[in-house]
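Peer 1: here are the coordinates; sequence isn't available:
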């Protein structure tokens, strides 16, 4: 199966596209693919506790939710507000994942 890294830069309040993008990640995971969602810029707001049901569902299905450390710090949000199971990552980890064979990156 393929592995996907979906990069979301819009938050849940940025319009319906962000929600559909995360729902796509969940569908890919249900189809058996390895899926990580990386939240960057305003997309980090989706990772607050209670903010996005689709992200909780993705985590329950064994997907990963990554949150950009710089974006969270820049917005003055602490890690204590993160959805349980989401984790802070730096760009070097994201770049490393994108360079792995078989990983498909999709940016929204």
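Peer 2: Done, it's in. Nothing here was measured: the structure is a model prediction, and the numbers come from that model. Numbering: from 1, shown residues only.
Peer 1: What residues are bridge-paired with the spatially most central residue of the chain?
Peer 2: Centroid check for the chain by C-alpha atoms, centre = their mean gives residue 37 as the closest residue, at 2.6 Å. Beta bridges link residue 37 to residue 6, residue 65, judged by DSSP bridges.
Peer 1: from memory it sits against residue 9, does it?
Peer 2: No - between residue 37 and residue 9 there is no contact under C-beta atoms under 8 Å: 11.4 Å. From N, CA and C alone the C-beta is placed, and that goes for glycine too.
Peer 1: Can you check which residues contact both of those two?
Peer 2: Shared contacts of residue 37 and residue 9, defined by C-beta atoms under 8 Å, 6 or more residues apart in numbering, are absent.
Peer 1: so residue 35, which of the three states?
Peer 2: Classification of residue 35 by DSSP: H, G, I helix; E, B strand; the rest coil places it in strand.
Peer 1: which of the residues in stretch 18-28 are buried?
Peer 2: Within stretch 18-28, the residues scored as buried using 16 or more other C-beta atoms under 10 Å are 18, 19, 21, 22, 24, 25, 26, 28.
Peer 1: give me the number of residues near the spatially closest residue to residue 12 that is not a sequence neighbour?
Peer 2: Counting by C-beta to C-beta, 6 or more residues apart in numbering, residue 46 is the residue found nearest to residue 12 once chain neighbours are left out, at 5.2 Å. Using other C-beta atoms under 10 Å, residue 46 is surrounded by 26 other residues.
Peer 1: Pull the contacting residues for residue 46.
Peer 2: 8, 11, 12, 18, 22, 39, 52, 55 are the contacts of residue 46 under C-beta under 8 Å, 6+ apart.
Peer 1: helices or strands up against the helix or strand hosting the last one?
Peer 2: With elements taken from DSSP states H and E, the one containing residue 55 is helix 53-60. Helices and strands touching helix 53-60, by 3 or more C-beta pairs under 8 Å, 6 or more residues apart in numbering; DSSP states H and E, are helix 16-30, strand 34-39, strand 64-68.
Peer 1: No more questions from me, cheers.
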